[in-house]
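Colleague: return atomic coordinates for the entry below.
(one chain, ligands or ions: 2)
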Amino acid sequence: MPTTRKIDYIKKMKEGLQMLGAIEAGGTKFVCAIATEDGTIIEKVQIPTEIPDTTIPKVLEFFQDQRISALGIGSFGPLDVHPDSETYGFITSTPKPGWINFPFVKTMKEKLQVPVAFDTDVNAAVWGEFHAGAGKNLNSCLYITVGTGIGAGAVAERKLIHGWSHPEMGHISLRRHSDDHFPGVCPYHRDCLEGLAAGPAIEKRWGQKGDALPVDHPAWEMEAHYLAQALMQYVLILSPEKIIMGGGVMKQRHLFPLIRSKVEQLAGNFLTLPAMDTFIVPPALKDDSGAMGAILMAQQINSGN
Ligand code: ADP
Ligand code: ZN
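Modeller: Ligands and ions are numbered 1, 2, ... in the order given. Model (predicted):
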């Protein structure tokens with residue numbers, strides 16, 4: 001931590017302010033953050049997602065002496081988010097080696113002795129953007145991440161959408177691109193959206209990671225073909241006021257105009273949508289959407305809401 005921020009932080013500790021902790025657990029990395037009670041992030045680290053026995057001790061070490069009063073977790077899933085379930089707080093059927101049935105909440109509660117709020121990484125991200133980012137002052141918005149996996153979280157009528165469990169919008173079926181003969185990489189559905197368009201699918205289809213592919217590579221038109229279809233389905237079902245697109249693959253900013261124009265084509269004469277450059281946008285909180293959402297979740301559990 002830079003010296004000035006450290007001094008600030010020590011000062012706040014001395015003033016007796018409570019700290020809040022956040023974890024955004026992704027398929028490639030864990031982002032762990034500490035924030036003051038008002039939600040200002042003062043420290044943040046990244047820890048690679050390996051097996052739990054390797055990753056979790058590093059996460060615990062980061063939080064151990066920080067005197068946090070609550071922790072918010074936004075995690076890759078699927079997750080058990082039923083508060084009355086015996087396996088509440090577990091990562092359930094993930095394809096990530098070692099993480100199946102990992103008791104995330106129980107482990108953190110036992111080791112850190114603080115209340116823990118738990119939701120998907122994308123629910124945390126949409127919550128962060130809704131309160132403090134691109135979704136501020138709206139009643140609804142949707143956040144989609146295109147990274148190691150694809151997932152989306154949505155706020156409707158100012159509430160996070162939960163149902164029987166949490167949505168899994170990354171695993172929808174789509175129309176194939178006519179040039180695409182790649183079988184897909186989702187271990188559950190093969191050629192669902194995630195299986196065709198997440199970072200690992202791009203890498204396997206083209207033999208190179210997305211960040212190595214030039215802007216004029218056909219990969220990007222194909223990527224936009226799939227993502228635009230997904231967005232159109234979300235629009236048809238949920239009608240969000242704004243769609244925020246994050247995750248590693250969306251660092252390719254040239255994807256935004258491609259996706260916007262394909263969404264417009266799909267909407268055709270049927271739907272009148274908001275102006276595209278304010279409707280489909282990158283996260284205003286940049287890489288902090290998930291961590292900010294997890295901090296807000298910690299804040300809520302701390303105040304008993
Ligand atoms: P996580 O899934 O852990 O949250 P990311 O959102 O960074 O992490 O997603 C990682 C995936 O995104 C990898 O498949 C990686 O190849 C891809 N990726 C990361 N950065 C870029 C980039 N600049 N351009 C294209 N793809 C990227
Ligand atoms: Zn799938």
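Colleague: next, the closest residue in space to residue 67 that isn't next to it in sequence: phi, psi?
Modeller: Setting aside the residues directly before and after it, residue 67 is nearest to residue 19 in space (CB to CB, 6 or more residues apart in numbering), at 5.9 Å. Every C-beta, even on glycine, is put in place using the N, C-alpha and C of the backbone. Backbone geometry at residue 19, expressed as degrees, to the nearest 10, gives phi -100, psi 160.
Colleague: next, count neighbours for residue 185.
Modeller: Residue neighbour count, defined by other CB atoms under 10 Å, stands at 19 for residue 185.
Colleague: so who does it touch?
Modeller: Listed by CB atoms under 8 Å, 6 or more residues apart in numbering, the contact set of residue 185 reads 195, 198, 200, 201, 204.
Colleague: the residue nearest to residue 67 - how many residues pack around it?
Modeller: 20.
Colleague: so it touches residue 33, yeah?
Modeller: No - in this structure, residue 19 sits apart from residue 33 without contact. The criterion is CB atoms under 8 Å, and the distance is 10.2 Å.
Colleague: other SSEs contacting the longest helix along the chain?
Modeller: Looking only at the chain and at elements set by DSSP state H, the helix with the highest residue count is helix 218-238. Contacts defined by 3 or more CB pairs under 8 Å, 6 or more residues apart in numbering; DSSP states H and E place helix 218-238 against strand 141-146, strand 150-156, helix 193-197, helix 199-206, strand 243-246, helix 255-267.
Colleague: swap in 10 Å and give it another go.
Modeller: With contacts defined as 3 or more CB pairs under 10 Å, 6 or more residues apart in numbering; DSSP states H and E, the packing partners of helix 218-238 are strand 141-146, strand 150-156, helix 193-197, helix 199-206, strand 243-246, helix 255-267, strand 280-281.
Colleague: residues of the stretch 201-305 of the chain that sit close to ligand 1?
Modeller: Taking CB under 6 Å from any ligand atom as the test, the list of the stretch 201-305 of the chain residues beside ligand 1 reads 203, 209, 210, 211, 247, 248, 249, 251, 252.
Colleague: the helices and strands packed on helix 218-238 into a markdown table, with extra columns for mean neighbour count and mean pLDDT?
Modeller: Listed next are these as a markdown table, based on neighbours: other CB atoms under 10 Å; pLDDT from 0 to 100:
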| stretch | mean neighbour count | mean pLDDT |
| --- | --- | --- |
| strand 141-146 | 28 | 98 |
| strand 150-156 | 26 | 98 |
| helix 193-197 | 27 | 98 |
| helix 199-206 | 20 | 98 |
| strand 243-246 | 26 | 98 |
| helix 255-267 | 18 | 98 |
| strand 280-281 | 23 | 98 |
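Colleague: out of the ones you listed, nearest to ligand 2?
Modeller: Across the helices and strands packed on helix 218-238, ligand 2 has its closest neighbour in helix 193-197 (4.9 Å, CB to the ion).
Colleague: quick one: that closest one to chain centroid distance?
Modeller: Taking the mean C-alpha point of helix 193-197 and that of its whole chain, the gap between them comes to 16 Å (CA atoms, centre = their mean, to the nearest Å).
Colleague: check whether that helix contacts ligand 1.
Modeller: No - Helix 193-197 stays out of contact with ligand 1 when judged by CB under 6 Å from any ligand atom, the minimum separation being 10.8 Å.
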